[in-house]
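Undergrad: Attaching a predicted model along with its sequence, questions to come.
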Amino acid sequence: MASAVRGEEYRRKGVGGSLAYDLDWAVRERELRHAGEAKTRQDANVYTMPEVQVRARLSISPMAFLSVSAVAVLSVLVLLSYVKLTALSANTVALRSELSELETKHVLLTAEYEQMFDMASVKEAAEAAGMGKPSSSQIVRLELSDGDTAVVYQQESPGMLRRLLTSLHGGIYAVVEYFD
C-alpha cells in the first residue's frame, strides 16, 4: 500500500487530503473498538451531586471570647482617648487665641504705663496738683558725722512654767487651725 501511495498516481495528482496532524485519532479508534457495546454511566456524561457534609456546630473557646472582648475594650479606650485629645486640642486653640488677645492688651497697657511716667506728663500733673520745686527754706540738711550706734537690751529669760504655757498654747492653736 505504501508503494501505491508513492506511485505514479501520487505524483500525478499531487498531495491528496490535508497535511495537518490528526489529533482525534485516539478518540475515533476507541469509539470504533466499542461500537457495539452499551454506553456506561460515565460515557453518558451523567453527573451526580456530591454529598454535602454538614459540620457540627463549633463552640467558641473562652480564650477567643476573652481576646475579642479585650480588643473591643481597647478599641473603645482608644476612641475615648481620641475624644479627649480632640477636646484638649480645641482647648489649646482657645487658650492660644486668648493669649494673643492678652499680648495685645499687654502692649497697650505697657504703652499707657510708660506714658504715665513720662516726665512731661508727671510735671504737668504735679503742677496741676499745686506742687512745685522746694524753696531753700524747705530744704533741711542733716549732718551725720557721728557713727551709727544701736543699743540692744536683753530680756530676762522666762521661767519654766511660762515656757510650758507658751508651748501648750501654741499646740492648741495649731490643732484648732488645722481643723478649721
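TA: Now that the structure is in, tell me what you want to look at. Keep in mind that what you see is a predicted model, and the values were worked out from it rather than measured.

Undergrad: average pLDDT across the helix or strand L99 falls within?
TA: Using DSSP states H and E, L99 maps to helix 62-116. When pLDDT is averaged over helix 62-116, the result is 94.

Undergrad: tell me what the helix or strand following that helix is packed against?
TA: Note on helix 62-116: by DSSP H and E, the next helix or strand toward the C-terminus is helix 119-128. The helices and strands touching helix 119-128, judged by 3 or more Cβ pairs under 8 Å, 6 or more residues apart in numbering; DSSP states H and E, number zero. C-betas here are computed from N, CA, C, even on glycine.

Undergrad: Go ahead and measure how far helix 119-128 is from the middle of the chain.
TA: Between the centre of helix 119-128 and the centre of its host chain there is 59 Å, according to Cα atoms, centre = their mean, to the nearest Å.

Undergrad: what's next to that helix, contact-wise?
TA: Contact with helix 119-128 is made by Q115, M116, G132, as judged by Cβ atoms under 8 Å, 6 or more residues apart in numbering.

Undergrad: any idea which helix or strand comes after it?
TA: Next along the chain after helix 119-128, taking DSSP H and E as the criterion, comes helix 160-179.

Undergrad: Distance from that following helix to the middle of the chain?
TA: 55 Å.

Undergrad: what about dumping the CA coordinates of that helix to CSV?
TA: Taking C-alpha atoms only, helix 160-179 is exported to CSV below (Å, rounded to 0.1, in the frame of the first residue of the first chain):
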residue,chain,number,x,y,z
MET,A,160,9.9,77.0,133.2
LEU,A,161,6.2,77.5,133.8
ARG,A,162,6.0,80.3,131.4
ARG,A,163,7.7,78.3,128.6
LEU,A,164,5.4,75.3,129.2
LEU,A,165,2.2,77.5,129.0
THR,A,166,3.5,79.2,125.8
SER,A,167,4.2,75.8,124.2
LEU,A,168,0.8,74.4,125.2
HIS,A,169,-0.9,77.5,123.8
GLY,A,170,0.9,77.1,120.5
GLY,A,171,0.0,73.4,120.3
ILE,A,172,-3.7,74.1,120.9
TYR,A,173,-3.7,76.9,118.4
ALA,A,174,-2.1,74.7,115.8
VAL,A,175,-4.7,71.9,116.3
VAL,A,176,-7.6,74.4,116.1
GLU,A,177,-6.1,76.0,113.0
TYR,A,178,-5.6,72.5,111.4
PHE,A,179,-9.3,71.5,111.8
